[in-house]
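[1] Return a 3D structure for these sequence lines:
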Amino acid sequence: MPQTHRQITLAARPIGYPKVSDFQLISAPIPAPKAGEILVRTIYLSVDPYQRGRMRDAPSYARPAQIGEVLVGGVVGQVIATKGTEFREGDIVQGNLGWQEYALSDGSGLRKIDPTRAPISTALGVLGMPGMTAYFGLLEIGKPKSGETVVVSGAAGAVGSLVGQIAKNKGCRVVGIAGSDYKIDYVTNELGFDAAFNYKTVSNYSEKLKEMCPGGIDVYFDNVGGPITDAVFLNLNVKGRIAICGQISQYNLEKPEFGPRLLWQLIVKRARVEGFLVSEFADRYEEGLRQMAEWLKTGKVKYRETIVEGIENTPMAFIGMLKGENIGKQLVKISEL
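    Sure thing, here's the model as predicted:
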């Protein structure tokens, strides 16, 4: 085992879209576990939209990242040393261990991964936080019923692609919104969405939604915010539900975006909008993971991963994900199993 490893820290708070210079790749000694600790070698790192918010020095649901601090992020890795814990050397684990090649942990928040269940990378995607976000966000916040129309923005991403498939499994008609013709082809022809459109080639979102959802929208799963969400408000059915998962179109704005004030539509439609954090459902993760694993095994859920290699390429993978360059889950491969 080497004596040092590489970590990525926050070098500057991004203004607008992050730049590679906002991050720093440093070398640090590999720590030795003390009593009650384990040392984990990272195999895959996750980059996720929520991490952009943590790069701001502003109050939120999670503590902001500090300048010079290793960035927080999901990891799948292998235990290579343990001192008096429930974990054994060789165990595959998943947890928020940060953007680094090795990490110490006291085991808090870690879960063991069964590598025979599915590829271990899925613990950061379909069988991980994105999968649970899609599962509980749609079913518990959106509460879709068979025969209803569900619209999903960010439809080809890690969460949106799963939301649409879960909705189909529940008997819904599903319409996706994504940012390229290739993504539209993916969600309709491979994932089984009933319809989808490329928002980059459509000038009037409201009219397009009216065309694709002639019976109106019952459930909207919002990953992007902005003008697309405004257009959904105008096409909601009475008692419609909107689950606010993310607002990625707003994360990198240097100035607030002006838009129509449409909350009155909630009165007209007697509709409900609710934001959520997947952590609210942490005590039910096993339930969600069992169902997602069953759907995966039977082919009722498919997934795709976009993988780059090398910890030094993590900032570019993160920036590319924010710009929608990935399909499915964006991962960084750090080492071999």
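[2] What is the burial count for Ala158?
    32 (other CB atoms under 10 Å). Placement of C-beta: from N, CA and C, glycine included.
[3] Looks like it contacts Leu331 (just checking).
    No. Contact criterion CB atoms under 8 Å: Ala158 and Leu331 do not qualify, at 9.4 Å.
[4] so what sits against both of these two?
    Gly125 (CB atoms under 8 Å, 6 or more residues apart in numbering).
[5] Tell me which residue is most central in this protein.
    Pro130 (4.5 Å; CA atoms, centre = their mean).
[6] Quickly find the element holding it.
    Using DSSP states H and E, Pro130 maps to helix 129-136.
[7] Just checking the distance from the next helix or strand after that helix to the centre of its chain.
    The helix or strand immediately downstream of helix 129-136 is strand 149-153, counting by DSSP H and E. Here strand 149-153 is found 17 Å from its chain centre; the criterion is CA atoms, centre = their mean, to the nearest Å.
[8] Could you do stretch 110-130 as well?
    With CA atoms, centre = their mean, you get 14 Å for stretch 110-130.
[9] what's the span of that stretch, first residue to last?
    16 Å (CA to CA, to the nearest Å).
[10] for stretch 71-89, same thing?
    In stretch 71-89, first residue to last residue: 25 Å (CA to CA).
[11] quick one: average pLDDT of that stretch?
    Average pLDDT, stretch 71-89: 95.
[12] do stretch 23-43 as well
    On average, stretch 23-43 scores 97.
[13] buried sites along that stretch?
    If you call a residue buried by 16 or more other CB atoms under 10 Å, then stretch 23-43 has these buried ones: 23, 25, 30, 33, 37-43.
[14] Identify the residues contacting the residue nearest to Ser180 when sequence neighbours are not counted.
    In space, and not counting its chain neighbours, Ser180 is closest to Asn198: 6.2 Å by CB to CB, 6 or more residues apart in numbering. Neighbouring residues of Asn198 by CB under 8 Å, 6+ apart: 178-181, 183-184.
[15] One more pass at 10 Å, please.
    Counting by CB atoms under 10 Å, 6 or more residues apart in numbering, Asn198 touches 177-185, 208.
[16] How about Leu266?
    233, 236, 240, 242, 272-273 are the contacts of Leu266 under CB under 10 Å, 6+ apart.
[17] Quick one: buried ones out of those?
    Among those, those classed as buried by 16+ other CB under 10 Å are 233, 236, 240, 242, 273.
[18] Just to check, the residue nearest to the centre of the chain is in contact with Ile166?
    No. Taking contacts as CB atoms under 10 Å, Pro130 lies outside contact range of Ile166: 11.9 Å.
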